[in-house]
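J.: here are the coordinates; sequence isn't available:
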């Protein structure tokens, strides 16, 4: 009986040690999230952007195209007293012929296990440890209810936006977009939902929520797709059908 007890104790101890060893080994192999958003004063990335907007009371779609530069300006402290980086944005035409014009700023706050971005009063958790395929987190957990109401978007896409599951989609890989090739890329899927899209039933409600970001090691964000809109058929209403929302696709064309 004593031998059996000793055997059981030894087996439990072996399993515990093995489990802890695996945990330590896994944590040790976790990549640094700072490698995917490297921050230093003076660093910049330039993007091409296609912006989708609905005009004529939501009846028409326009695509506005331009270049935008994100430049790390300074180290500051956020409203919680945490060291953060202030990022200035500037904009110019798609051909790059006009001078840059400043168009606002946002902050990036690197923490021990996550990187936060605060922009237009919205606080995102863009990256989170461990960097591992399938690992997920609530990237919009700090969002207020109906986060885009203040921006004038009266849609249902943001009703449960705090519950979006961000996750690392696959292992590090290469990525190509419009003739631009990027290496050592991590993809963060955020949401991919659609109803009646493309709109095959004009008398029925439709909506699309799509968000994905890609980060290249030692460079930063190299691709973003962010599209939130809904379609209201307004059957029998004199106003008629309309769309409300927005969409952007941006990809890196230059960096230092």
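T.: Arrived safely, thanks for sending. Predicted, not measured: the structure shown is a model, and the values here were computed from it.

J.: Output the longest strand belonging to the protein.
T.: Identified as the longest strand of the chain according to DSSP state E is strand 60-77.

J.: what's the angle from the following helix or strand past it to strand 60-77?
T.: From strand 60-77 onward toward the C-terminus, using DSSP states H and E, the following helix or strand is strand 83-92. When axes from the mean of the first three to the mean of the last three CA atoms, to 10 degrees is applied, the directions of strand 83-92 and strand 60-77 differ by 140 degrees.

J.: Next, the buried residues of strand 83-92.
T.: Within strand 83-92, the residues scored as buried using 16 or more other CB atoms under 10 Å are 84, 85, 86, 87, 88, 89, 90, 92. C-beta coordinates here come from the backbone N, C-alpha and C atoms, glycine included.

J.: now do stretch 155-164
T.: Neighbour counts over stretch 155-164 (16+ other CB under 10 Å) mark 155, 157, 158, 161, 164 as buried.

J.: center of this protein, which residue is that?
T.: Nearest residue to the geometric centre of the chain (CA atoms, centre = their mean): residue 213, 4.9 Å.

J.: quick one: it and residue 127 touch, right?
T.: No - counting by CB atoms under 8 Å, residue 213 does not reach residue 127; the two are 9.2 Å apart.

J.: immediately after the helix or strand of the chain with the lowest mean pLDDT, which helix or strand?
T.: The weakest-scoring helix or strand in the chain, judged by mean pLDDT, DSSP states H and E, is helix 2-29 (a mean of 48). Next helix or strand after helix 2-29 toward the C-terminus (DSSP H and E): strand 44-55.
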